[in-house]
Structures are given as C-alpha cells and as structure tokens.
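**Student:** Build me a structure from this.
(2 chains)
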2 protein chains.
Amino acid sequence: MRTDPDRLSFEIVARDGDARAGVLTTPHGTVETPCFVPLATRGSVKGLLPGEVADVGYEMVLGNTYHLMLAPGGERIAELGGLHEFMGWDGAIITDSGGFQVFSLAYGSVADEVKGRRGRPPLEGGVLAIGEEGVRFRSYIDGSEHFLSPERSMEVQAQLGSDIALVFDECTPFRADYDYTARSTERTDRWLRRCLDWHGAEGPPGQAVFGIVQGGTHEDLRRQSAESVAAAGVDGIAIGGTLGEDKEQMREIVGMTVGMLPADPARHLLGIGEPDDLVEGIAAGIDSFDCAVPTRLGRHGMALAPLPERRFRYDVRKRRNEEEPGPLVAGCPCPACTGFSRAYVHYLSKAEELTGVRLLTLHNLVYSRELVAGAREAIVAGRYGNYRDAIMAGAAPWEAAGT
Amino acid sequence: MRTDPDRLSFEIVARDGDARAGVLTTPHGTVETPCFVPLATRGSVKGLLPGEVADVGYEMVLGNTYHLMLAPGGERIAELGGLHEFMGWDGAIITDSGGFQVFSLAYGSVADEVKGRRGRPPLEGGVLAIGEEGVRFRSYIDGSEHFLSPERSMEVQAQLGSDIALVFDECTPFRADYDYTARSTERTDRWLRRCLDWHGAEGPPGQAVFGIVQGGTHEDLRRQSAESVAAAGVDGIAIGGTLGEDKEQMREIVGMTVGMLPADPARHLLGIGEPDDLVEGIAAGIDSFDCAVPTRLGRHGMALAPLPERRFRYDVRKRRNEEEPGPLVAGCPCPACTGFSRAYVHYLSKAEELTGVRLLTLHNLVYSRELVAGAREAIVAGRYGNYRDAIMAGAAPWEAAGT
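**Tutor:** I've put the predicted structure just below:
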C-alpha cells in the first residue's frame, strides 16, 4: 500500500462491528467519515454556491473527468488555477475517471442498469471505438472526437488538481456474461497499472489515487480485482461496476467485496447513496459514498424523508401536500424545513420555480448529511446497530441518533 | 389625498432638480427611494431565497395577483398566513393587480409592445370576454375559467395581504388608436373608483392602494387620468400603459406624466428598469420601479454592465469570455464578481447549470441595487446630474457615486 502523508492519510478513530468512523486528511482539509459526497459533476453542485454546500456540512464534492474534459476542458481549468479555484470550492475534491461515462455511452440503455438505475444518467453522444489503448468517443456537446485512456484520464485529473483521482476502469453492465466480465476485469487491472505508472511519473505530488474494484457479481472476479488493487499501491479503494439487479444483491456484493479489502485504506462506494444504501453500506464497512440521488431528486420535486416503505422519499408535487402548513419533514434542520411550509415547496415545485429546486436540493443534502453524521456519532458511541435499525424502521436521522 | 399613517407614509428627504430621495414606511419596514423592486411574480424571486434578496439590499418585492390567484390561489395563501408568511419574506410587498396580464392575453402578441418589449412576458391561456364588469379568462395552467374585476382583484390582493395593492386597470397597447385609448382610460377611471370602494369597505387596514395613470401616449388622456387618480384618494400613484415605441418617447411620456402628478405621493413606474431607464426615470421624479430585466437576463446568460452602447449588458455565453480570469464587472461587490471568474460564469451559463443562473441573477440584482443606491446618495448630496451623466457615459454605479 502506497502511503504519502503529504498527499492523503486516513485514520480510523472508531469501529463498531464492520462499521468504522474515520478522518480522511487531504491537502484541502479533513473529511470525517462515513461521509456522503455530493456531485459537482460539471463543476457546481447544481443550483448551489460552494459556501452553501460547506454550510450544510459537506467537506468533499465529486467532479467528473468526462464532463469537465469536454467543457471547459482540463487545460482551461488548469490555466484558471485548477478545479478548486475555478469552482470556488476550498474543500476536498474527488474526481471520477470518466470510465463509467464512456462505457455507459457504449452500453446504451444498459447504463442505467450498471448501478441498478441509481447511477449517473445516460448520456448522449457515442463511442467510436473501444480498444486496449482506450476509448474514442464523440462529445455529447458538439460531436467532436475525443480519446480517453488510463493516461489521458490521469492527465485530465492532474489538470483538474483534485485531491483524490480515480483510476480509469471499464465499467461492465449487469447483463455482461462471465467471460466478458472476466476479460474486462483483466483489462481494468492492466489499466490500473498504466494509471499508476503515469501518475507516479507525472501526477501532481498532492494528489492521491484510488483504485477501483470491478468483477461484476462474480465472487472470484471481485476477489481477483480486490487483490490486484490492494497490491498495486493505491491510496484508497473504490468499489465500482454492477452490484446486481436489486438492493438485496447489492448488499450481498458490497459486503462480500468489502470483506476482500485490506483493513486500513479508505473505501469508497461509487454511485450509491439512497438512505438505506448509506446505512447498510456503512454497516458493511464503507467509508464514503457519492450519488446523484439527493440533488437529482430535488430537481424532480422529491423530498427525502423517513419513509422506508416508500424508498425514503415522497413526491412533494402530489396534491395531498397543497395545504400542509408544516415542514417537508418534521424536525429537519434544513433551510427549507425551518423557513417554509410544505405547501409552499409543493406550490413552487409544481410551478417549476427555481427556488423550489433550490429548497428541495438543500433539504435532500441536509437530510443525507444528517444521516451520515448520525451514523458516525453512533459508531463512535458503539451503538451503530441501534441507529441502523431505527433508520430502517422509519426514524429520522436526528431521532435515530438518540436510540 | 388619503393619508393613513398606520398604513403607509412617504417622506421626501431630499430633492435635486426633479429627482427625489425618500423613505416609504410600510407595515413591513421602510423602503429607501429611489428604489428598484425585484419581481417575485409567483411568490419567489426566481432561484433565490428571501434572505438573499434582503442581503443584496432589497426592502420590497413585487408579487402578481394574476399568477397567484391561478396558483396556489388567494384563499390558499390567506389560509397559510398571507403572502409574506407563505414566501418567507419579512420586507414590504407590492402586488400588481393582474390588469396588465389579462389584457396582455386579450391583445396577444401586442403584449410585448405595451412596455416596448421591456414588460412582463406574453402568457398562454386566453380571454373569453371583456366587459364593464371585468374580464373572464382561461387559466394558462389548466384551462379553468376565472374572472378578474376591480372588486375581485382587490379581494385577492387583500387575501395576499400585500403592503401596497395596485388598482385593477385596463392596459392599452401602443397600437390602440386615440378613441379606443380614450374609452379605455375612462373605464380604468370607473374601475379605480370601484377598487377604492371595495377596499374602503373590505380592504385590510394595513394595506395601501396605489392608483394607476393610463392614457397611452396622448397628453390630454394622461392628464385626465392623472387628475382623476390624484383626486380619488390613493396612497401613491403608478404610471402604467404604453409609453410609446422607443426609449426617447418613453422618457418624454414619463416626464410629461410626472409633471401632471401631485408633489407629495410616491410615484411608481410599472415594468421599467433597465439601467438607463432607472437613471432617467429618477431624474424625472420617479421613486420606484419594478421590472423583470435583472432576473430574466440572468436566466438567459446576460450580465448587466456599464456598457451604454450595448444596452448596459453583455452575453456572458459569448466565446470571448471563455478565458477571462477577472470578474463579470470589475469592482462589482456581488457574490459572482467577488467569488468567481467570468470564465466560470461563462462555462456554467453555456452548460445551462443552475448555479450559473443563480450567479447572474445575483449579479444583476446587485448591479441594479447599486445603481439606485448610488442615485439616492447623489440626490442627497445634490449632484444627481453628475451621477446620471456618468452612468450614461459608461461609469459603473460605484464609480459614478464619486463624481
């Protein structure tokens, strides 16, 4: 395992079963784990200013190499001082490698499936060629040709200057068969080495690199990938690729994969972040999560809420909310719940007013933040089992924190 | 002139030529004039939270009877505590009567013309009948039938509980001929009396009522309307209707109409608010302005700037801005200019990211606020002529304030 204290360190401060509470120290501040990482895919958390994201309590956001290399381009961002300076964010940044996105282009509608429809949205544009060297594709913006490879992804991430870069991987869909997944996992392993070679020679000294464990739903392939990533000298480990066809299989595969990982490095679960996924993932030993869910739901009139029977959300635009003088969720400390009625957010969302998107985005991010902050507190207090049970039974995070 | 100190008072604290600086005292705080009033047409300043609007320095916003009666409805807002409580705004609120909107429906594409294309946007839906009683029309939301009349407009504005209600008027387009405009002006005059009768009997005690001077581009009709409004016992006077076909004619008609008004009451110019219109309107003796321009431009990638030769704006999405590390406008104290590069706002606007809309909306509202705050300071100091000349010659408001 590569360790570079100037770049990144991860300290586990408490354990409760497989769950852990830790502190990730980056060149842009510390990140308490377990944590949720909001998406700033194209260089902004949609609708929010960086100060607001920090005020909500977030210490790290996720930018995307694929989107940022197409516009405004890694070179442009580097000229303007790097991604932190460009987007006005002083906290930590992790950048996704673009692997998921270019393979989503190739697999078309199967893209949704890779993360059981909870991942990033399908993209326009198209893949021209996939080979051992990398992937040639067309920009969804202007149709121009681009090439993404292990070296090019690391180069763009170096230009962005993120605190944590992710290696460039092939992300296989659920429908891929064993042989395809096996060949793909081997290629991802070769690409991992190319990423680390490039980064070792040319990467910015302050930037950490996380490897990605692939292998689909197959235990032997996940083990092979996990061992290879662990042996490669990375600063942390992400779990990617398909996690199966439903939440039950997802939990099984996450649990199985975590069990194959070394104990010390930070563990990130890519593209997963519904409330139940967070509490179950934390129980399995995951330290960080990124997901479009809180912000995307907010743009579609949906509020996160302690409703396990309704996927922990409800549609604020439904008529039943039109006269409700109380908040979106009772007890929630977010700006929407402390300042406005559910009837107002209902009205704004139905009217498609931007302020409605903003209030729901803030609510969903605060709710997710409360959920992981409560989990951390419970782990430190040695009562994470109670916390998890309470959340899964329908307690709000601030209620579950007392259980 | 009706005066009710519990409802509204307007004190002129300084004069410089025809320009005046004053203080409007409402049940929801004071408003320093000259002032610009941002639109909260449907109960929110699009994309902003009320605290932000106040932080920028605004003391009053404008809501719209037409939009709010269709959704969520005046009754619903009254049940939820009134418009201030509903939208979380503690400052003053003026509500437009809906007259402009329903007549825009009737006049179709001529709607744009009423304010020389600087007014409120054309609406879907349709007018079923216009009569002496009022206007029957279909909702642009669901096609349901609604009726708006002097009494009904005042009733909805009473439900909203705004600090200042506007009387229900017929708003004639530029293309209307003299005879039509004369008949319409007389009807508006009868409607004014019906509004005041209803409000005198049933209006909320804390709510002030402003009359609206119509009369198109015709001096005798404007005079007839101005005298009628002044004699009717209103708390303040707004200037509405067509102001001609270009800015030159608009200034002429505004100047002419202001000259017909009594000296003491507050004067509001409806739907006008580009930077040059503000400085010229203030010079003519206007105290307050509302306009969609700053917020609407922000949603279309446009930044207000000291560029008299380019209508005081530029398109941030143009390629020339893509590498600019400086702010939108040098010296501007807004959150966009103090925190982010023009290149970043350019990128976000081209990518249609919500955060770009937010930054440009904030910039344009701060710019407009700086413009009127600088004007007030100049009036008090007795050098408004210099200020106006400097703005019209291309100085930024904070530069012109020193001239």
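
**Student:** how about the residue of the stretch 101-250 of chain A found nearest chain B, what does it touch?
**Tutor:** As assessed by C-beta to the nearest C-beta, chain B sits closest to A:Ile141 within the stretch 101-250 of chain A, at 8.4 Å. Backbone N, C-alpha and C define where each C-beta goes, glycine included. Counting by C-beta atoms under 8 Å, 6 or more residues apart in numbering or on different chains, A:Ile141 makes contact with A:Leu70, A:Ala71.

**Student:** Grab the most central residue of chain A for me.
**Tutor:** A:Asp290 (1.5 Å; C-alpha atoms, centre = their mean).

**Student:** Check which element follows the host helix or strand of A:Ser153 along the chain.
**Tutor:** Taking DSSP states H and E as the definition, A:Ser153 sits inside helix A:150-160. As assigned by DSSP H and E, the chain's next helix or strand after helix A:150-160 is strand A:164-166.

**Student:** Would you give the sheet partners of that following strand, along with the direction of each?
**Tutor:** Each strand that pairs with strand A:164-166, with its direction, by DSSP bridges: strand A:92-96 (parallel), strand A:208-213 (parallel).

**Student:** Tabulate the CA atom coordinates of the first one in PDB.
**Tutor:** Okay, so that is strand A:92-96. In PDB, the C-alpha atoms belonging to strand A:92-96 read as follows (Å, rounded to 0.1, in the frame of the first residue of the first chain):
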ATOM      1  CA  ALA A  92     -11.600  18.400  -0.800                       C
ATOM      2  CA  ILE A  93     -12.500  17.200  -4.300                       C
ATOM      3  CA  ILE A  94     -12.600  13.600  -5.600                       C
ATOM      4  CA  THR A  95     -12.700  13.200  -9.400                       C
ATOM      5  CA  ASP A  96     -14.300  10.300 -11.200                       C
END
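
**Student:** Next, the angle helix A:150-160 makes with that strand.
**Tutor:** Relative orientation of strand A:92-96 and helix A:150-160, computed by axes from the mean of the first three to the mean of the last three C-alpha atoms, to 10 degrees: 150 degrees.

**Student:** And the helix or strand just after strand A:92-96, what does it pack against?
**Tutor:** The helix or strand immediately downstream of strand A:92-96 is helix A:99-107, counting by DSSP H and E. On a contact count with 3 or more C-beta pairs under 8 Å, 6 or more residues apart in numbering or on different chains; DSSP states H and E, helix A:99-107 meets helix A:65-70, helix A:111-114, strand A:126-130, strand A:135-138.

**Student:** From the rest of the structure, what touches the third one?
**Tutor:** The contact list for strand A:126-130, computed with C-beta under 8 Å, 6+ apart, reads A:Val102, A:Leu105, A:Ala106, A:Val135, A:Arg136, A:Phe137, A:Arg138, A:Glu145.

**Student:** Tell me how many other residues crowd the last one.
**Tutor:** One way to gauge burial is a neighbour count; for A:Glu145, by other C-beta atoms under 10 Å in any protein chain shown, it gives 9.

**Student:** Retrieve the pLDDT associated with it.
**Tutor:** If you check A:Glu145, the pLDDT there is 94.

**Student:** That one contacts A:Arg138, doesn't it?
**Tutor:** Yes. Using C-beta atoms under 8 Å, A:Glu145 is in contact with A:Arg138, at 6.1 Å.

**Student:** re earlier: so the helix holding A:Ser153, near chain B or not?
**Tutor:** No. Counting by C-beta under 8 Å from any C-beta of the partner chain, chain B is not contacted by helix A:150-160; separation bottoms out at 13.4 Å.

**Student:** chain center to the host helix or strand of A:Phe147, what's the gap?
**Tutor:** Under the criterion of DSSP H and E, A:Phe147 resides in strand A:145-148. Averaging C-alpha positions (C-alpha atoms, centre = their mean, to the nearest Å) puts strand A:145-148 24 Å from its chain's average.

**Student:** Paired strands for that strand, with orientation please.
**Tutor:** If you go by DSSP bridges, strand A:145-148 pairs up with strand A:135-138 (antiparallel).

**Student:** Count the residues that sit near A:Phe137.
**Tutor:** 26.

**Student:** Also A:Pro205?
**Tutor:** 8.

**Student:** State the distance from it to A:Leu8.
**Tutor:** From A:Pro205 over to A:Leu8 the distance is 11 Å, taken as C-beta to C-beta, to the nearest Å.

**Student:** Then A:Glu132?
**Tutor:** 30 Å.

**Student:** Isn't A:Arg193 up against A:Val234?
**Tutor:** No. With contacts counted by C-beta under 8 Å, A:Arg193 stays clear of A:Val234, the gap being 10.9 Å.

**Student:** Tell me which of these two has more neighbours.
**Tutor:** Shown here are A:Arg193 and A:Val234; by other C-beta under 10 Å, A:Val234 has more neighbours (23 against 14).

**Student:** Within the helices and strands, which one has the more buried one?
**Tutor:** A:Val234 is part of no helix or strand when elements are defined by DSSP H and E.

**Student:** Could you do A:His268 as well?
**Tutor:** Counting by DSSP H and E, the element that carries A:His268 is strand A:266-269.

**Student:** what's the pLDDT at the spatially closest residue to A:Phe100 that is not a sequence neighbour?
**Tutor:** Nearest residue to A:Phe100 in three dimensions, chain neighbours excluded: A:Cys171, at 4.6 Å (C-beta to C-beta, 6 or more residues apart in numbering or on different chains). A:Cys171 is assigned a predicted lDDT (pLDDT) of 86.

**Student:** Now do the contacts for A:Cys171.
**Tutor:** Contact analysis of A:Cys171 by C-beta under 8 Å, 6+ apart lists A:Gly99, A:Phe100, A:Phe103, A:Ser104, A:Val114, A:Gln214, A:Gly240, A:Gly241.
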